[in-house]
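Chemist: return a 3D structure for these sequence lines:
(chains A, B, C and D)
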2 protein chains.
Amino acid sequence: MPAPTPAPSALPTGPPAAAGARRRAGRPTAAILDQDGITTAALELISSKGYDGLTMAALARSLGVAPSALYNHVASKDDVLLLVEDHLAAMVDVTAFGVEPWDAAVRRWAWSYRDVFSEHTPLIPVIAVLPVANAPKTLAMYEAVTAGFRDAGFPEEKIISAIVALEAFVFGAAYDVTAPEDIFDAGSLAEQVPNFTAAVDRLALENHPRPTDVAFSLGLEALITGFGALRG
Amino acid sequence: MPAPTPAPSALPTGPPAAAGARRRAGRPTAAILDQDGITTAALELISSKGYDGLTMAALARSLGVAPSALYNHVASKDDVLLLVEDHLAAMVDVTAFGVEPWDAAVRRWAWSYRDVFSEHTPLIPVIAVLPVANAPKTLAMYEAVTAGFRDAGFPEEKIISAIVALEAFVFGAAYDVTAPEDIFDAGSLAEQVPNFTAAVDRLALENHPRPTDVAFSLGLEALITGFGALRG
DNA sequence: CCAGTAAATGAATGGCGTTCATTTATGTCT
DNA sequence: AGACATAAATGAACGCCATTCATTTACTGG
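Modeler: Residues are numbered from 1 along each chain as shown, chains lettered A, B, ... in the order given. Presented below is the predicted three-dimensional model:
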């Protein structure tokens, strides 16, 4: 009869932290991984190394685990991105719906939504195609927004379309935030596009701290005004 | 004295097409590759195999060339995507500016822009960060749009912001086109999000052929109306 | 208590973008 | 005309990536 597990190295090392002595093969006494831990580690990795640094190997490494172990808890790397997305969706501010007037609530929601995802644009292609059934927190966000629109007197058949349109604008604007400042510098071709160059220069004269915010505000206010007129 | 090149296989094979006999190493008599050819081949590959099929190896293969040869003409795969993007920008319809009224011209431009890029969403992350100086045809599109706004009496300092906002909406909407039909099916969580589910069902009752077009139209008309009011 | 399943390791796989040494042809300078 | 830099191709190699599989070990339900 084999002696009881010979204490691999020490007491269970508090947090599911780094790699000390190598773990031997086989199921460990206490599970090391779960989806929450994977999500948290992924977020930390993203914030320290960016999305380029988010590899399955790096993720496993930060969890003190072999890469293949991850696949007991997620089906793929896209699955990890989905977990991250859903976590972020919960950070979007929907608290104004039902409290502040409709237009103020939409404003708060949209700005918050854009700010959260502007740091996570690589998720946008994933979200855009993501069936909501797989993302409970995202779904909860939609529920809050939908209720806000309904309570504000929006015709029910237009609510989803309006949200989809707002969301499209938010995602596009999130990319815009990440663009380099000189993105509109035409360089040597400037003379060939005089109207464009003039408009770019004219905007620069205004000296806005964040031009991208000006464009976002301009578009968002137009959408809010336009949609506001649909309410009954 | 070596005999003049011993006719590698046959007469120059018309189009720069497929791979017959292997070419021997060294610079060929006539250049096989150029950026135009690479762009065309990339577009064909994308349309036949999708963006997953667009690999440097596959691209080289379709041009009858070794992968490393591509790097004499482009710096990276992103560079190829940039070439493709610029080609597509030239397909966006800006002809209505200066011909039709401003609102109709914006409408035509935006629908066309969305339609072109909805088939090429993997380019969007590239475009969003792309300095226009590297994309002459894209720049030409901006010039036409800017001129249209100016001639319509737009205050010059708001032109770029308005275009940026419209573009953000267009890009987001382009993703939306690619989403699966049942993206809003909450599945087993439906009971937990009654307002959302009701709104989704209510929209479905309308039986629109393309719900995504309804959302796009709704948002676009709001932007056009809102921005139209800025004209002097 | 025993079978089935869950959770880990570690080795292996195939594909990817990219680099580099090498070969051959072109174009320019003297 | 000859020399030489440069351009454009090949082919071998690199490192990284996500993912799979056989294997080991531990937990759990009948």
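Chemist: how about the helices in chain A?
Modeler: Residue ranges of the helices in chain A, as given by DSSP state H, are A:35-49, A:56-62, A:67-70, A:77-89, A:102-118, A:124-128, A:136-151, A:156-178, A:194-205, A:211-228.
Chemist: any idea which of the ones you listed is most buried?
Modeler: helix A:156-178 (a mean of 24; mean count of other Cβ atoms under 10 Å in any protein chain shown). To be clear about C-beta, it is placed using only N, CA and C from the backbone, and glycine gets the same treatment.
Chemist: could you export it as PDB, keeping only the C-alpha atoms?
Modeler: This file holds the C-alpha atoms of helix A:156-178, laid out as PDB (Å, rounded to 0.1, in the frame of the first residue of the first chain):
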ATOM      1  CA  GLU A 156     -40.600  47.800 -28.900                       C
ATOM      2  CA  GLU A 157     -39.900  46.800 -32.500                       C
ATOM      3  CA  LYS A 158     -37.200  49.400 -32.800                       C
ATOM      4  CA  ILE A 159     -35.400  48.800 -29.600                       C
ATOM      5  CA  ILE A 160     -33.000  46.200 -30.800                       C
ATOM      6  CA  SER A 161     -32.200  48.000 -34.000                       C
ATOM      7  CA  ALA A 162     -31.400  51.200 -32.000                       C
ATOM      8  CA  ILE A 163     -29.100  49.300 -29.700                       C
ATOM      9  CA  VAL A 164     -27.400  47.500 -32.500                       C
ATOM     10  CA  ALA A 165     -26.800  50.900 -34.200                       C
ATOM     11  CA  LEU A 166     -25.400  52.400 -31.100                       C
ATOM     12  CA  GLU A 167     -23.200  49.400 -30.500                       C
ATOM     13  CA  ALA A 168     -21.800  49.600 -34.000                       C
ATOM     14  CA  PHE A 169     -20.900  53.200 -33.400                       C
ATOM     15  CA  VAL A 170     -19.300  52.300 -30.100                       C
ATOM     16  CA  PHE A 171     -17.200  49.500 -31.500                       C
ATOM     17  CA  GLY A 172     -16.000  51.600 -34.400                       C
ATOM     18  CA  ALA A 173     -15.200  54.500 -32.100                       C
ATOM     19  CA  ALA A 174     -13.300  52.100 -29.800                       C
ATOM     20  CA  TYR A 175     -10.900  51.400 -32.600                       C
ATOM     21  CA  ASP A 176     -10.600  55.100 -33.200                       C
ATOM     22  CA  VAL A 177      -9.200  55.700 -29.700                       C
ATOM     23  CA  THR A 178      -6.300  53.400 -30.500                       C
END
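Chemist: do it and chain B meet at all?
Modeler: Yes - using Cβ under 8 Å from any Cβ of the partner chain, helix A:156-178 comes into contact with chain B via A:156-162, A:164-173, A:175-176, A:178.
Chemist: now for the helices of chain A, which one comes closest to residue B:203?
Modeler: Set against residue B:203 and scored by Cβ to Cβ, the helices of chain A come closest in helix A:156-178, at 4.7 Å.
Chemist: what angle do that closest one and helix B:194-205 make?
Modeler: On the basis of axes from the mean of the first three to the mean of the last three Cα atoms, to 10 degrees, helix A:156-178 is oriented at 110 degrees to helix B:194-205.
Chemist: packing partners of helix A:156-178?
Modeler: With contacts defined as 3 or more Cβ pairs under 8 Å, 6 or more residues apart in numbering or on different chains; DSSP states H and E, helix A:156-178 has these neighbours: helix A:102-118, helix A:124-128, helix A:136-151, helix A:211-228, helix B:124-128, helix B:156-178, helix B:194-205, helix B:211-228.
Chemist: I'd like the average pLDDT over it.
Modeler: Averaged over helix A:156-178, pLDDT sits at 98.
Chemist: what does chain A put close to DNA strand D?
Modeler: Within chain A, the positions near DNA strand D by Cβ under 7 Å from any atom of the strand are A:5, A:24-30, A:54-58, A:67-68, A:71, A:76-78.
Chemist: can the lowest-mean-pLDDT helix or strand in chain A be said to contact chain B?
Modeler: Ranked by mean pLDDT, DSSP states H and E, the helix or strand of chain A with the weakest confidence is helix A:124-128, at a mean of 92. Yes - Helix A:124-128 comes into contact with chain B (Cβ under 8 Å from any Cβ), by way of A:124, A:125, A:128.
Chemist: so how far is residue A:42 from the spatially closest residue to the first one that is not a sequence neighbour?
Modeler: Nearest residue to residue A:124 in three dimensions, chain neighbours excluded: residue A:171, at 5.1 Å (Cβ to Cβ, 6 or more residues apart in numbering or on different chains). The spacing between residue A:171 and residue A:42, counted by Cβ to Cβ, to the nearest Å, is 20 Å.
Chemist: where does pLDDT dip in chain A?
Modeler: A:1-21, A:26 (pLDDT under 70).
Chemist: how is it carved up into domains?
Modeler: A:15-74, A:88-181+A:219-228 (automatic domain parsing).
Chemist: put together a markdown table for those, with distance to residue B:117 on each row.
Modeler: Shown next, in a markdown table, are the domains of chain A (distance: least, Cβ to Cβ, whole Å):
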| stretch | distance to residue B:117 |
| --- | --- |
| domain A:15-74 | 22 |
| domain A:88-181+A:219-228 | 11 |
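Chemist: relative to residue A:213, which of these is closest?
Modeler: When the domains of chain A are ranked by proximity to residue A:213 (Cβ to Cβ), domain A:88-181+A:219-228 comes first, at 8.6 Å.
Chemist: helices and strands around the least confident helix or strand of chain A, which ones?
Modeler: When contacts are defined as 3+ Cβ pairs under 8 Å, 6+ apart, helix A:124-128 packs onto helix A:77-89, helix A:156-178, helix B:124-128, helix B:156-178.
Chemist: change it to 10 Å
Modeler: helix A:77-89, helix A:102-118, helix A:156-178, helix B:124-128, helix B:156-178 (3 or more Cβ pairs under 10 Å, 6 or more residues apart in numbering or on different chains; DSSP states H and E).
Chemist: right, and the ones you listed - which one's nearest residue B:199?
Modeler: The nearest among these, by Cβ to Cβ, is helix A:156-178 at 4.3 Å.
Chemist: can you tell me which residues contact residue A:194?
Modeler: Counting by Cβ atoms under 10 Å, 6 or more residues apart in numbering or on different chains, residue A:194 touches A:186, B:143, B:146, B:147.
Chemist: right, and out of those, which lies closest to residue A:115?
Modeler: residue B:146 (28.4 Å).
Chemist: I figured the closest one was touching residue B:158, is that so?
Modeler: No - Residue B:146 lies out of contact with residue B:158 (Cβ atoms under 10 Å); the separation is 11.4 Å.
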